[in-house]
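**Q** Quick one: sequence and predicted model below, then my questions.
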Amino acid sequence: MWFDKNNPLCLYVDKREFENTELCDGRKFSVTPDVVSDFTDMPFDDNSFYLVVFDPPHLINVGENSYMAKKYGKLDKSWKETIKSGFDECMRVLKPYGTLIFKWNECQIPTKEIIKTIGEDPLFGHKSGKLSKTQWMTFLKQP
């Protein structure tokens, strides 16, 4: 989704950090965030950002060392609590009237299940991808 991960206006957060890991097809893959942190417990003050983009792992049925797990991360059996906690944490760090963009791929968990889990309806969204499995949802933090 990034046009430029090194854009100085962006702060890239991920709990993983590794460089030049070889994937199963021989390609190299790196995850080099600006801040190493779990999205359920970010090291930022309340009301810090005007915009947050939440792109959590979306896979639960994937091998631990598979290409997909390395590239996109993996959710465990308590995925509902993890996603809800991550959504709440994103809202915590948003300023009042801040915007949260939530990117979700519903190849294993339907978007309607995610909306039910977080307990809030998006203002609007957009489906994308070859099979329209990626859902972009927009939320506004109420003061």
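**A** Everything's here; your move.
**Q** all contacts plus neighbour counts: C-alpha atoms, from now on.
**A** Fine.
**Q** How about the contacts made by the most centrally placed residue in the chain?
**A** Central residue of the chain (C-alpha atoms, centre = their mean): Asp55, 1.7 Å from the mean position. Residues in contact with Asp55, defined by C-alpha atoms under 8 Å, 6 or more residues apart in numbering, are 102-104.
**Q** now, which of these lie within strands?
**A** Among the contacts of Asp55, the members falling in strands are 102-104 (criterion: DSSP state E).
**Q** Which single one of those is nearest to Asn47?
**A** Taking C-alpha to C-alpha as the measure, Asn47 lies nearest Phe102 of those, at 17.7 Å.
**Q** who's the closest one bridged to?
**A** Phe54, Met137 (DSSP bridges).
**Q** where exactly do the strands run in this structure?
**A** Counting by DSSP E, the chain has these strands, from start to end: 13-14, 18-22, 28-31, 35-36, 49-54, 94-105, 124-128, 134-140.
**Q** Would you check how far apart the residue located most distally from the centre of the chain and Asp41 are?
**A** For the chain, the residue at maximal distance from the C-alpha centroid (C-alpha atoms, centre = their mean) is Gly26, at 25.8 Å. Here Gly26 is placed at a distance of 34 Å from Asp41 (C-alpha to C-alpha, to the nearest Å).
**Q** can you redo the ones in strands among the contacts of Asp55 as a markdown table with distance to Lys74 and neighbour count?
**A** Putting those into a markdown table (distance: C-alpha to C-alpha, whole Å; neighbours: other C-alpha atoms under 10 Å) gives the following:
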| residue | distance to Lys74 | neighbour count |
| --- | --- | --- |
| Phe102 | 17 | 19 |
| Lys103 | 15 | 22 |
| Trp104 | 13 | 21 |
